[in-house]
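Pasted the sequence and its predicted model underneath.
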Amino acid sequence: LAKTTQPISMDSYEGQEVNITCSHNNIATNDYITWYQQFPSQGPRFIIQGYKTKVTNEVASLFIPADRKSSTLSLPRVSLSDTAVYYCLVGDMVSNFGNEKLTFGTGTRLTIIP
Amino acid sequence: EAGVAQSPRYKIIEKRQSVAFWCNPISGHATLYWYQQILGQGPKLLIQFQNNGVVDDSQLPKDRFSAERLKGVDSTLKIQPAKLEDSAVYLCASSLEQGGNEQFFGPGTRLTVL
């Protein structure tokens, strides 16, 4: 079971770039890395997913080093609306045996300051 | 495209009573998940369906919780009898297939057990 470790909380000012790092030292060969965002009183929302190197979409970038033992979610020029809890998940995206990919940790509570 | 629908949004019951939650996934999504999210924690998977079959229910407290997905579309989650520690938000999610697909979450049902 690939366990993840994230900072409990982070603060940042509006307009800054925010980087949230997730450690997953025992990531397996078939494991992908997925990030979700959750606002209060809402269900989580998919942000981005990757396997190695860099993935970018309209919302965020995901940086994964060669050893894949960690990953960094990068949010460019954050606004107040980015205040949320961010979850890093690691698990087998192919076979889905077990429920590794469906294990949410406690996440990182990101607060954006005006 | 309509999202995942859940009802009710809120429910207050006394311990030892029964309660049921309903979920209507996104049309065409074969995989359906039920999660329990206790305040301050990440979502915890209770059960996963692929069409109308159970893929994983290893974390479902089967002495009091039950779930079904008749006809492979809507699903209900039942708690009977409820305990104080069941107070949580119950989230339903769906995805096109199992194995790494993005999960789409509903708004959740907030259950309070008194």
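Thanks, I have it. Residues are numbered from 1 along each chain as shown, chains lettered A, B, ... in the order given.

any idea how far A:Ser74 is from chain B?
Counting by Cβ to the nearest Cβ, to the nearest Å, the separation of A:Ser74 from chain B is 19 Å. (C-beta placed from N, C-alpha, C; glycine too.)

Give me the three-state assignment for that residue.
Using DSSP: H, G, I helix; E, B strand; the rest coil as the criterion, the local structure at A:Ser74 reads strand.

number of nearby residues for it?
16 (other Cβ atoms under 10 Å in any protein chain shown).

now swap in B:Ile38 and tell me
Other residues within reach of B:Ile38, judged by other Cβ under 10 Å, total 13.

same check, this time on A:Tyr86
Using other Cβ under 10 Å, the number of residues around A:Tyr86 comes to 24.

Same check on A:Ser12?
18.

so where does it fall, helix or strand?
strand A:9-13 (DSSP states H and E).

got the residues of chain B near chain A?
Contact residues (Cβ under 8 Å from any Cβ of the partner chain) of chain B with chain A: B:4, B:33, B:35, B:40-45, B:48, B:55-56, B:58-59, B:91, B:93, B:98-100, B:102-108.

contacting residues for residue 61?
Unless you meant another one, I'm taking chain A. A:Ser61 makes contact with A:Ile48, A:Lys54, A:Val55, A:Leu73, A:Ser74, A:Pro76, according to Cβ atoms under 8 Å, 6 or more residues apart in numbering or on different chains.

Across the sheet, point out what pairs with it.
For A:Ser61, the beta-bridge partners under DSSP bridges are A:Thr56, A:Ser74.

Could you report the distance from it to chain B?
17 Å.

Could you do A:Ile33 as well?
Per Cβ to the nearest Cβ, A:Ile33 is found 11 Å from chain B.

related to what we said a few turns ago, which residues are contacting the strand holding A:Ser12?
A:Val18, A:Ile20, A:Val78, A:Thr108, A:Arg109, A:Leu110, A:Thr111, A:Ile112, A:Ile113, A:Pro114.
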